[in-house]
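[1] attaching a predicted model along with its sequence, questions to come.
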Amino acid sequence: MTLPHYLFIKSQVITQSLFTGNFKRGCMSFSMGKFLVALMIFGVVYLMMTHTSPSHSVPSGLAKVIRSNKEDMGIDGGSSFRRLWRRAPRLPPRLPPDEKGGNGSFIQEPMKTKLDSEWVGRQQKVKDAFIHAWSGYKKYAIGYDELMPLSHHGTDGLGGLGATIVDALDTAMIMGVDEAVSEAGSWIEKHLLDRILQKGQVNLFETTIRVLGGLLSAYHLSGGEQGMNVTSKGPRPRPIVYLETAKNLADRLLSAFTSSPTSIPFSDVVLRDSSAHPAPDGLSSTSEVSTLQLEFNFLSTVSGNPNYSMEAMKVLEHLKTLPKVEGLVPIYISPQSGEFSGENIRLGSRGDSYYEYLIKVWLQQGTNHNSNWTYLHDMYVEAMKGVRHLLVRKSIPNGLTFVGELPYGSNGEFSPKMDHLVCFLPGTLALGATKGITKERAMKDNLLTFEDLENLKLAEDLAKTCFEMYSVTSTGLAPEIAYFHTQEFYEGGLDGGNKSSEYVNDIIIKRADRHNLLRPETVESLFVLYRITEDPKYREWGWQIFEAFEKYTKVISGGYSSLDDVTTLPPQRRDKMETFFLGETLKYLYLLFGESSVMPLDKYVFNTEAHPFPIKGTI
């Protein structure tokens with residue numbers, strides 16, 4: 001206790017003895033000597049607490065805090081004697097506006113610098129992981145669609161268009177991995193057009209989101225149409241190479257639309273003769289036909305040819321007219337009839353990106369949304385209401401929020417099954433709520449409706465569930481599919497293996513679902529939620545996931561491998577590195593750990609393969 005504080009308390013004690021219930025007795029025995037002692041104490045307290053040290057002896061920032069403390073206590077050289085009696089506040093002293101944790105705060109700045117340097121280092125770790133993945137692919141599988149990192153071979157499972165090269169290119173551009181940019185760009189310039197002219201059957205959806213999307217984002221990021229013009233050292237194609245290759249590919253993909261008797265395109269295209277046909281069962285996935293529009297719209301914008309957008313948008317215009325279940329749709333649709341097939345409703349495989357593109361295609365149009373496209377926003381809003389009403393449940397015993405399925409429609413039994421793919425939804429909900437700006441700014445500008453706030457809360461709850469799907473396993477990596485313990489459903493002995501997890505009894509992982517394919521959906525949502533809420537926990541969760549990837553999926557000779565079983569140690573590895581690990585997973589982790597000014601969400605919309613396209617009117 002300091003001397004001034006001691007004297008101040010002592011004065012209060014004497015005061016109480018003078019003015020409490022012993023007042024009469026104190027007055028009767030009160031002498032002039034006691035009066036002088038009390039007066040002396042008050043004088044010393046006053047002088048010591050109003051004395052100001054020379055300015056050079058105290059740092060200016062600290063002097064401000066001292067002055068603030070004194071003012072809060074009611075002590076000032078020119079104040080009245082009465083203010084001396086005010087008690088010191090129970091709360092911490094108020095800092096002046098320029099000291100409140102900003103860049104100039106002598107208290108906060110060292111911590112901020114430490115945290116920033118930590119995340120710069122972590123972002124570099126992700127960049128190193130990308131370089132390791134790319135080096136393995138380049139060494140063993142260049143020109144193939146995907147790397148088999150254990151057997152040191154390449155494989156063509158996506159039509160033989162070098163999908164990893166095109167998928168990874170814009171990630172290399174964003175990270176500034178100049179060598180990979182040069183290598184990928186040179187391969188595309190020398191080989192991709194010939195591949196397109198010679199290759200046979202490809203899937204319309206996969207080729208559009210990975211190859212067409214990758215070419216178009218590379219075109220923009222390399223400076224095409226006054227794009228970002230990300231510079232890199234070493235030889236690389238002119239932006240027009242990416243655009244011309246994209247146009248040639250898209251012209252052939254258009255046959256899926258023009259060959260169909262309805263507005264619903266066929267699922268498969270033969271590139272070399274520009275023909276198309278339906279899948280063997282005659283059906284297309286709802287998600288696949290409705291996840292082409294961002295790419296074809298942007299191609300129309302940069303090429304000046306409206307046909308690409310017109311054909312793709314016919315699909316969504318047609319889907320608008322079909323009957324739905326509270327905005328929710330079955331996962332199959334027939335190109336022959338143009339009608340949905342079956343009643344299976346889910347936001348996992350074959351259903352997921354239908355809902356994602358409703359809001360993203362609308363956002364792509366920018367602030368001056370075309371009134372003819374507002375139906376997309378309306379469809380999205382209705383669908384999210386349907387999700388909350390029909391598909392959202394809580395697990396027991398600990399109440400994790402999850403999104404289940406309706407395999408037999410709204411009148412059938414509810415299934416507590418949730419694909420990892422569903423973990424795109426938290427990011428989509430957050431994006432739909434704030435339109436890409438921060439929650440703080442949206443609240444300040446009074447831009448959020450009650451429904452937006454509901455969706456944002458659901459987004460955060462679901463993001464936690466998606467993260468717990470990782471942390472509940474022995475490896476810290478999520479399974480492909482999880483089930484949730486409910487009143488109606490439980491299977492014992494199928495936990496994730498991490499017995500210390502709080503949610504070990506909430507999440508059920510069946511043996512056939514325990515594989516991990518290096519998927520991006522959870523880290524995508526963590527990236528979006530961090531950008532929008534600015535809550536650092538999303539970064540920390542992302543870092544834990546990245547560390548688990550590094551520990552269990554990294555192959556020393558190059559590349560990363562999928563896993564057979566995330567619940568056992570050591571995990572059995574699969575001999576495959578998906579293209580989306582470089583195109584999406586590592587890109588989203590890199591952006592999560594970096595500055596929010598890079599690829600801002602109110603200026604860019606990411607396609608379902610994480611290829612960024614500029615929002616109209618913002619770049």
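    Okay, I see it.
[2] where are the low-confidence patches of the chain?
    1-115, 226-235, 367-370 (pLDDT under 70).
[3] remind me, longest helix of it?
    helix 109-141 (DSSP state H).
[4] what is the helix or strand that that one is followed by packed up against?
    Per DSSP states H and E, helix 109-141 leads on to strand 146-148 as the next helix or strand towards the C-terminus. Packing partners of strand 146-148 (3 or more CB pairs under 8 Å, 6 or more residues apart in numbering; DSSP states H and E): helix 109-141, strand 153-155, helix 163-175. Where C-beta positions appear, they are placed from N, C-alpha and C, glycine not excepted.
[5] and stretch 428-440, end to end?
    Taking CA to CA, to the nearest Å, stretch 428-440 runs 18 Å from one end to the other.
[6] please state the offset of that stretch from the chain centre?
    Here stretch 428-440 is found 11 Å from its chain centre; the criterion is CA atoms, centre = their mean, to the nearest Å.
[7] kindly report the same for stretch 564-584.
    Worked out by CA atoms, centre = their mean, stretch 564-584 lies 21 Å from the chain centre.
[8] buried set for it?
    Residues of stretch 564-584 classed as buried: 565-567, 571, 573-574, 576-584 (neighbour count, 16 or more other CB atoms under 10 Å).
[9] same question, stretch 247-256
    So for stretch 247-256, counting by 16+ other CB under 10 Å, buried means Lys247, Asn248, Leu249, Ala250, Arg252, Leu253, Leu254, Ser255, Ala256.
[10] who are the contact partners of Gly213?
    Leu294, Glu295, Asn607, Glu609, His611 (CB atoms under 8 Å, 6 or more residues apart in numbering).
[11] if we use 7 Å, what do you get?
    Shown in contact with Gly213 (CB atoms under 7 Å, 6 or more residues apart in numbering): Glu295, Asn607, Glu609, His611.
[12] so it versus Gln293, what's the distance?
    Applying CB to CB, to the nearest Å, the value for Gly213 to Gln293 is 11 Å.
[13] likewise for Phe606?
    In terms of CB to CB, Phe606 sits 14 Å off from Gln293.
[14] now the helices for the stretch 201-350 of the chain?
    204-206, 213-221, 239-253, 255-258, 286-289, 293-303, 307-321 (DSSP state H, counting those that start in this stretch).
[15] redo the ones you listed as TSV? Include distance to Gly159.
    TSV is the format used below for these (distance: least, CB to CB, whole Å):
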stretch	distance to Gly159
helix 204-206	8
helix 213-221	13
helix 239-253	10
helix 255-258	13
helix 286-289	15
helix 293-303	16
helix 307-321	19
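[16] and Ser561, which of those is closest to it?
    Closest to Ser561 of those, according to CB to CB: helix 204-206, at 20.9 Å.
[17] how about the closest one: buried residues?
    Leu204, Phe205, Glu206.
[18] now go through the contacts of Gly213 and say which are in helices.
    Glu295.
[19] OK, contacts around Leu400?
    Residues in contact with Leu400 (CB under 7 Å, 6+ apart) are Lys394, Thr465, Glu468, Phe484, Tyr503, Asp506.
[20] of those, buried ones?
    Looks like those have Thr465, Glu468, Phe484, Tyr503, Asp506 buried, using 16+ other CB under 10 Å.
[21] would you point out the most distant pair within these?
    Spatial extent of the buried ones among the contacts of Leu400 (CB to CB) is set by the pair Glu468 and Phe484 at 10.5 Å.
[22] okay, and the common contacts of the two?
    With CB under 7 Å, 6+ apart, Glu468 and Phe484 have common neighbours Leu400, Ile507.
[23] now do the SS call for the residue lying closest to Leu462 once chain neighbours are set aside.
    In space, not counting the residues next to it along the chain, Leu462 is nearest to Pro426; the distance is 4.5 Å by CB to CB, 6 or more residues apart in numbering. Using DSSP: H, G, I helix; E, B strand; the rest coil, the structure places Pro426 in helix.
[24] so who does Pro426 touch?
    Pro426 makes contacts with Ala459, Leu462, Ala463, Cys466, Ser525, Leu529, as judged by CB under 7 Å, 6+ apart.
[25] ok, Pro570 next?
    Counting by CB under 7 Å, 6+ apart, Pro570 touches no other residue.
[26] tell me how far it lies from Ala482.
    Remark: distance between Pro570 and Ala482 (CB to CB) = 22 Å.
[27] correct me if wrong: Gly427 contacts Ser525.
    Yes - counting by CB atoms under 7 Å, Gly427 does reach Ser525; the two are 3.7 Å apart.
[28] ok, the closest residue to Pro239 other than its chain neighbours to Tyr308 distance?
    Nearest non-adjacent residue to Pro239, counting by CB to CB, 6+ apart: Gly224, 3.5 Å away. Here the criterion is CB to CB. By it, Gly224 lies 16 Å from Tyr308.
[29] cool, and Met469?
    38 Å.
[30] these two touch, right, Val555 and Met148?
    No - Val555 is beyond contact range of Met148, at 10.1 Å (criterion: CB under 7 Å).
[31] which ones are touching the nearest residue to Ile131 once chain neighbours are set aside?
    Using CB to CB, 6+ apart and skipping the chain neighbours, the partner closest in space to Ile131 is Val177 (6.1 Å). Residues near Val177 by CB under 7 Å, 6+ apart: Lys127, Phe130, Ile131.
[32] let's have those in CSV, adding neighbour count and distance to Tyr560.
    What follows is the contacts of Val177, written out as CSV (neighbours: other CB atoms under 10 Å; distance: CB to CB, whole Å):
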residue, neighbour count, distance to Tyr560
Lys127, 21, 14
Phe130, 23, 10
Ile131, 17, 12
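[33] what's the closest of these to Tyr355?
    Phe130 (29.2 Å).
[34] okay, now Thr245: neighbour count?
    Neighbourhood size, Thr245 [other CB atoms under 10 Å]: 24.
[35] what sits against it?
    Neighbouring residues of Thr245 by CB under 7 Å, 6+ apart: Ile188, Leu192, Leu193, Leu215.
[36] any idea how far it lies from Gln293?
    Counting by CB to CB, the gap from Thr245 to Gln293 is 20 Å.
[37] what of Trp362?
    10 Å.
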